[in-house]
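K.L.:
could you work out the structure for the sequence below:
(one chain, ligands or ions: 2)
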Amino acid sequence: MVRGRISRLSVRDVRFPTSLGGHGSDAMHTDPDYSTAYVVIETDAEDGIKGCGITFTLGKGTEVVVCAVNALAHHVLNKDLKDIVGDFRGFYRQLTSDGQLRWIGPEKGVVHLATAAVLNAVWDLWAKQEGKPVWKLLVDMDPRTLVSCIDFRYITDVLTEEDALEILQKGQVGKKEREKQMLAQGYPAYTTSCAWLGYSDDTLKQLCAQALKDGWTRFKVKVGADLQDDVRRCQIIRDMIGPEKTLMMDANQRWDVPEAVEWMSKLAKFKPLWIEEPTSPDDILGHAAISKALVPLGIGIATGEQCHNRVIFKQLLQAKALQFLQIDSCRLGSVNENLSVLLMAKKFEIPVCPHAGGVGLCELVQHLIIFDYISVSACLKNRMCEYVDHLHEHFKYPVMIQRASYMPPKDPGYSTEMKEDSVKKHQYPEGEVWKKLLAAQEN
Ligand SMILES: C[C@H](O)[C@@H](O)CC(=O)C(=O)O
Ligand SMILES: [Mg+2]
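P.N.:
Numbers count the residues shown, from 1 in each chain. Ligands and ions are numbered 1, 2, ... in the order given. Predicted coordinates for the structure are as follows:
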């Protein structure tokens with residue numbers, strides 16, 4: 001039973017100095033400090049359960065997201081949780097349609113990242129009160145309730161409420177077996193941890209050797225800044241993993257459309273399964289053109305980690321602009337909007353391979369993709385979820401990887417809760433980690 005009125009919302013700017021080690025670096029983001037606007041909501045219920053939500057940022061600018069969360073807070077405060085989740089579509093619409101705040105979106109940019117953080121906290125609270133991890137809450141929900149969480153505005157030309165219901169009803173068949181399968185085997189993952197762009201060749205080799213020992217069979221390498229470097233690094237990694245294992249490449253939006261085609265034609269000999277974010281995430285027709293040129297070379301297009309909202313995904317699907325769709329748990333409007341994208345991907349039969357990593361993204365998105373397999377896609381072909389081996393130690397319920405697969409979390413909630421000590425130490429700029437770093441910079 002859901003209970004309580006939201007009595008408090010707090011949001012903190014939490015940053016990890018990952019740029020110091022080149023972790024997370026790519027052709028466009030050369031010095032990312034993995035960070036989060038960390039939201040905690042409390043209720044007046046006696047159980048003391050809190051909902052925790054995050055969105056992912058790269059350091060600077062987290063303070064702007066924090067401001068946007070505070071600007072949205074009045075939509076949540078003093079609301080009964082029962083009323084929020086009882087009309088989740090209405091609540092989503094209320095947050096995303098604030099007559100003044102939507103002007104600095106709508107449903108994109110800082111205000112949408114803030115929406116994600118707030119709604120992620122609501123989902124965490126709801127699941128904790130129900131005593132289930134979010135994936136299980138979703139799996140056990142009847143199709144009508146699931147559909148009632150989705151705002152179909154702007155997507156009914158490709159996915160109506162009736163279409164969504166039909167997909168979810170079909171997904172009921174074999175659900176029990178798939179749940180058992182997930183609990184026993186987990187959801188297949190790939191690793192990005194070996195090949196950040198800022199890593200030396202020696203680090204790349206050492207991490208790749210370790211990943212092979214740990215049983216990884218799918219690897220992603222960052223490309224896009226310098227072609228000769230890319231050729232050398234891709235050669236190293238392909239030689240190490242051999243011809244059979246899967247390799248993906250990620251350019252993080254570095255190229256123009258013709259440049260993407262030309263560059264990837266030179267990297268095609270390394271047999272990448274996909275090139276991720278070859279160009280601007282807003283350029284739907286550009287992605288379609290790249291896809292048309294590269295698919296004949298055996299290279300698919302993957303994108304999504306910087307797609308603003310369901311409308312962009314709708315058009316990418318309509319334009320046949322991608323072969324792999326990458327949802328993101330903290331850029332889209334939480335579970336609600338991700339549900340609509342999972343259902344559209346199912347309708348277009350495009351495999352979903354979520355973006356993860358960052359800080360907390362693995363923790364969250366595992367719930368969505370496990371639900372997707374059990375209740376929507378029922379398919380593992382060409383599907384895998386990203387894994388990055390950073391910062392899990394700061395979470396109370398960190399991801400569990402076994403045999404290169406995500407094992408379904410068992411603790412109630414959305415795995416979003418951070419350790420209080422970690423939050424305090426990494427709060428920007430007053431946490432002890434930052435105090436030391438900022439003082440050292442001044443000297
Ligand atoms: C800046 C981030 O680390 C980005 O490079 C992550 C990414 O593109 C991915 O994990 O994929
Ligand atoms: Mg990427």
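K.L.:
give me phi/psi at the spatially most central residue of the chain?
P.N.:
Centroid check for the chain by C-alpha atoms, centre = their mean gives Asp328 as the closest residue, at 2.7 Å. With angles defined as degrees, to the nearest 10, Asp328 sits at phi -140, psi 130.
K.L.:
which SS class is the residue of the stretch 301-443 of the chain found nearest ligand 1?
P.N.:
Distances between the stretch 301-443 of the chain and ligand 1 by C-beta to the nearest ligand atom are smallest at Gly357, namely 4.2 Å. Placement of C-beta: from N, CA and C, glycine included. Secondary structure assignment for Gly357 (DSSP: H, G, I helix; E, B strand; the rest coil): coil.
K.L.:
the closest residue to ligand 2 within the stretch 1-150 of the chain: what's it in contact with?
P.N.:
At 7.0 Å from ligand 2, Asp26 is the closest residue in the stretch 1-150 of the chain, using C-beta to the ion. Going by C-beta atoms under 8 Å, 6 or more residues apart in numbering, Asp26 touches Trp196, Leu197, Lys222, Gly224, Asp250, Asn252.
K.L.:
if we use 7 Å, what do you get?
P.N.:
Leu197, Lys222, Asp250, Asn252 (C-beta atoms under 7 Å, 6 or more residues apart in numbering).
K.L.:
which non-adjacent residue is nearest the residue in the stretch 201-350 of the chain that ligand 2 sits nearest to?
P.N.:
With distances taken as C-beta to the ion, the stretch 201-350 of the chain approaches ligand 2 most closely at Asp250, which sits 4.3 Å away. Using C-beta to C-beta, 6 or more residues apart in numbering and skipping residues adjacent in sequence, the residue nearest Asp250 is Glu276, 4.0 Å away.
K.L.:
what residues are bridge-paired with that neighbour?
P.N.:
Asp250, Ala302 (DSSP bridges).
K.L.:
residues near it, how many?
P.N.:
29 (other C-beta atoms under 10 Å).
K.L.:
show the pLDDT at it.
P.N.:
Note for Glu276: predicted pLDDT of 98.
K.L.:
OK, contacts around it?
P.N.:
Taking C-beta under 7 Å, 6+ apart, one finds Met248, Met249, Asp250, Ala251, Ala302, Thr303 in contact with Glu276.
K.L.:
top of these by neighbour count?
P.N.:
With neighbours defined as other C-beta under 10 Å, the most crowded of the contacts of Glu276 is Thr303; it has 30 neighbours.
K.L.:
my read is that that residue contacts Glu277, right?
P.N.:
Yes - applying C-beta atoms under 7 Å, one finds Thr303 in contact with Glu277, separated by 5.3 Å.
K.L.:
re the thing from before, tell me, which of the contacts of Asp26 make contact with ligand 1?
P.N.:
Restricting the contacts of Asp26 to those touching ligand 1 (C-beta under 6 Å from any ligand atom) yields Asp250, Asn252.
K.L.:
would a markdown table of the contacts of Asp26 with pLDDT, secondary structure and distance to Leu339 be doable?
P.N.:
A markdown table is the format used below for the contacts of Asp26 (pLDDT from 0 to 100; DSSP: H, G, I helix; E, B strand; the rest coil; distance: C-beta to C-beta, whole Å):
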| residue | pLDDT | secondary structure | distance to Leu339 |
| --- | --- | --- | --- |
| Leu197 | 97 | coil | 33 |
| Lys222 | 98 | strand | 30 |
| Asp250 | 98 | strand | 26 |
| Asn252 | 98 | coil | 27 |
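K.L.:
near ligand 2, which residues of the protein show up?
P.N.:
Asp250, Glu276 (C-beta under 5 Å from the ion).
K.L.:
so in the chain, which helix runs the longest?
P.N.:
In the chain, ranked by residue count with DSSP state H as the criterion, the top helix is helix 109-130.
K.L.:
next SSE downstream of that helix?
P.N.:
Using DSSP states H and E, the next helix or strand after helix 109-130 towards the C-terminus is helix 134-140.
K.L.:
what parts of the stretch 251-400 of the chain come near ligand 1?
P.N.:
Counting by C-beta under 6 Å from any ligand atom, the stretch 251-400 of the chain sits next to ligand 1 at Asn252, Glu305, His355, Gly357, Glu386.
K.L.:
now the two most distant members of the residues you listed.
P.N.:
Longest distance between any two of those is 13.4 Å, between Asn252 and Glu386; criterion C-beta to C-beta.
K.L.:
pretty sure the residue of the stretch 301-443 of the chain closest to ligand 1 contacts Tyr190?
P.N.:
No - using C-beta under 7 Å, Gly357 makes no contact with Tyr190, being 10.8 Å away.
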